[in-house]
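Novice: Need the 3D shape of this:
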Amino acid sequence: MKKSTALSVFSTFFLLAVCGLFAFFVRQGNWLQTDLRTLLPEEQSWQPIQVQADQKQETRFNQQLIAMVGHQEAEQAFQLATDIARQWQASDLFSQINDKIQVDLPALQKEFSLLKFATLPASVRKQLFEQPETYFQHYAEQILTPFEKANLLPLEQDWLGFGRFVFNSSAIAMQWNMNNGMLYTEQDGITWVLLRSELAQTDTVKPVRSLLDMMDENRILAEAKQATFLVTGAALFAADAKQKAETESSVMSVLGISLTLMLLLFVFRTWRIVWLFLPILVGMLSGLCGVILGFGQVHILTIVIGTSLVGVLIDFPLHWLASSLFASNWNAKQAMKSLRFTFLISLLITFVGYALLGFTHLPILKQTALFSMVALVGAILTTMFILPNLFRHWNVTLPSVFLLKVRSILDRFFNRPFHKITLLILALFSAAGIYQTRWQDDIRQWVALPDKMLKDTQQIARLTGVNLSSQYLLVIAPDDEKLLQKENELTEQLLRKGITFQALSQWLMPKAQQQVWAERLSQLSSESYAVMEQIGVSVGEIRQAVQHLKTAKTVSLNDALQTQIGQGWQEFYLGKLEDNQVASLVRVNLQAGQSAEQFANGKDIFWQDKRAHLNESFEHTRNQAAWLKLLSFVLAGILLWRFLGVKRGVRMLLPALLAIVMTIAVFGWFGLPIGLFSLFGLLLVSAIGVDYTAYMQTAQEPLSNKRIAILLTALTTLISFMLLGISSTPAVAMFGLSVSIGVLCSVAITFKLFR
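Specialist: Presented below is the predicted three-dimensional model:
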């Protein structure tokens, strides 16, 4: 008696300590993690320099926002873009807004003079070298018609006309408006104006929500002016996913608890049943505290998945209290004492399964495993040592007629053994379903990307010519000069294969190449540009400009990128990485049947396909989790053999294994892919199934009463996981669906095998 009292005091102290610790974490702040990138698998196959380059590129990309404002009247489009840029500036959400290239003519002319030869397109250089007369003929015609491809540099500053092509080699397919400095393009009678910005670095929740609100305000403003507003950016997708996860977590928690409470009130017909939620509360708070202590933060998706534990954590108190439904002299402490061995077996097996999942390389699985283990311990301690005192004077009521009817139906249906034909049909159903299964993981299943955002992204990419894909070739070199030279060699190979691309070397020649071409073009004969004399241009000035090419100062990559014109190319330059090496991106536009992996050598050129790489990592993690779970079955078998013997141990594990097989078959028949989260659901099915069979084998209750207890626990579990099954996040929905199907199969198999 004294020992029981001491354990009750300890459990009460544990409850208060957990509540106090969680309150402390909330007060400290920064306990909730919402960045979806933190859920990605830990890197296993990429080299460190690839990881570093990817992180640098991702960080830059995630801070960028690209918007376009379209209107049939050009002036309206420019004015509306200006108004939206002002709203952005007043919001304090952005650290930098690039709505226009400042019209500082002398400074811009200076940049043109600096870049005019270094950025001369390859096609123009080739024409000058092979057909100089044709080049100067076109140049002369353009001088006579100055409104066609106007040169920002006056003739006396650019006798050779190279300044005309400075904007032609832009990173984006946009035109520059000399009057207002904005970048724009025209398509199907609509003028589209470009706005670019960088988000301010912040870890708070409010600015992310404000960002979505700001974009909604911009869209409403544009619609009021009969204009179209397009916007894209990784931050918008992340903010939308975060908002949905927070909403779903709240709604599912409230709805799950409400439906569970209604079910329990219907069965037990007393408000004292509310005390059964105490283990859930303690378990959830314990899990949160455990994850925060172990990882520093808890991810919002861990909480979303954790809400499904409501149906699992209540299994222990329901197994205990359900025995009162058909007992005339039920005693809370005696009933709990008779179930301690059952709870211990169930806890150990479930605990081992989750513990092994903690060895996977996926942070969400590690967090969920720790959350579940700590939550289970907290829930079972509360159930065993606090609940009996709260139900000390429980007045047992007669079971309802409905409950008696359900028990009778279960007895009639499940007391019959499986017919041989039924077993054959189930075996064929399972075999055919498993044969049709697709084991597939895709990063796109992590979040439901809004159609409107996806369409905006695609249209912006089409209008600007910007490649927003995560596929690119990573080029590494000791310095900028060698980087451009290496890119040149790579892009020549791409051209031979007919692959289009965007690269720094496409825009700027290496310094050595500038010298080579300056030497070549300085040998142009007077006959090449004789046509210029016919329009009154001094041939002597042109000859002097040609000779000056040899002595002109070469332009470095760093100097070129520091210009306003070079800002558009900065996203292709990653700068210094480890070992003081520099890196750049070569973005490729692959068509059907084309591949760029062949150009990677694993030393200084790497193929980076983030989505394919992540999918491969997910597949590896899924296989790893499956093997770890198989190991957990082996360990569970050893535990059961030690406590119950071989025959009873196998009998306890068999329903869980069969339930997993049946669930996989159902997925196969319905054409649903089995990914990492579906597999995670199957792993949970095994834990739930073992809990049912442990109760059926060890609880000292009549068989029909045990069926009712398991049916109740299964219904509470189904409530939680069916709610997850309608989640807007595909991964979470597959998780909920796999557990729901598995629980139904597990209950049916358990009831049939234990007659």
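Novice: contact partners of stretch 632-651?
Specialist: 345, 348-349, 352-353, 355-356, 652-653, 657, 686, 690, 693, 697-698, 753 (C-beta atoms under 8 Å, 6 or more residues apart in numbering). Bear in mind the C-beta positions are built from the backbone N, C-alpha and C, glycine included.
Novice: Recalculate using a threshold of 6 Å.
Specialist: The contact list for stretch 632-651 (C-beta atoms under 6 Å, 6 or more residues apart in numbering) reads 348, 349, 352, 353, 356, 652.
Novice: What's the local residue count around the third one?
Specialist: If you count neighbours by other C-beta atoms under 10 Å, residue 352 ends up with 20.
Novice: so what does the helix or strand where it lies touch, helix or strand wise?
Specialist: Using DSSP states H and E, residue 352 sits within helix 332-357. Helix 332-357 sits against helix 315-322, helix 363-385, helix 387-390, helix 610-644, helix 676-698, with contacts defined as 3 or more C-beta pairs under 6 Å, 6 or more residues apart in numbering; DSSP states H and E.
Novice: So which of the ones you listed is nearest residue 300?
Specialist: helix 363-385 (10.5 Å; C-beta to C-beta).
Novice: pLDDT of the helix holding residue 352, averaged?
Specialist: For helix 332-357, mean pLDDT rounds to 85.
Novice: quick one: low-confidence parts of the stretch 51-200 of the chain?
Specialist: Filtered on pLDDT under 70, the stretch 51-200 of the chain yields the residue ranges 102-103, 146-150, 168-173.
Novice: Tell me where it has helices.
Specialist: With helices called from DSSP state H, counting those that start in this stretch, the stretch 51-200 of the chain shows them at 74-91, 105-115, 122-130, 132-144.
Novice: about what we covered before: show me which positions of the helix holding residue 352 end up buried.
Specialist: 332, 335-336, 338-339, 342-343, 345-357 (16 or more other C-beta atoms under 10 Å).
Novice: What of stretch 210-226?
Specialist: Here stretch 210-226 shows 211, 214, 215, 218, 219, 221, 222, 225 as buried, counting by 16+ other C-beta under 10 Å.
Novice: can these go into JSON lines with extra columns for pLDDT and distance to residue 384?
Specialist: Conversion of the buried residues of stretch 210-226 to JSON lines gives the following (pLDDT from 0 to 100; distance: C-beta to C-beta, whole Å):
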{"residue": "211", "pLDDT": "86", "distance to residue 384": "48"}
{"residue": "214", "pLDDT": "90", "distance to residue 384": "52"}
{"residue": "215", "pLDDT": "92", "distance to residue 384": "52"}
{"residue": "218", "pLDDT": "92", "distance to residue 384": "57"}
{"residue": "219", "pLDDT": "93", "distance to residue 384": "56"}
{"residue": "221", "pLDDT": "92", "distance to residue 384": "61"}
{"residue": "222", "pLDDT": "92", "distance to residue 384": "61"}
{"residue": "225", "pLDDT": "90", "distance to residue 384": "66"}
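Novice: Looking at the residues you listed, which is nearest residue 393?
Specialist: residue 211 (55.6 Å).
Novice: is it fair to say that closest one lies in a helix?
Specialist: Yes: according to DSSP: H, G, I helix; E, B strand; the rest coil, residue 211 belongs to a helix.
Novice: For it, give me its contacts.
Specialist: 93, 239.
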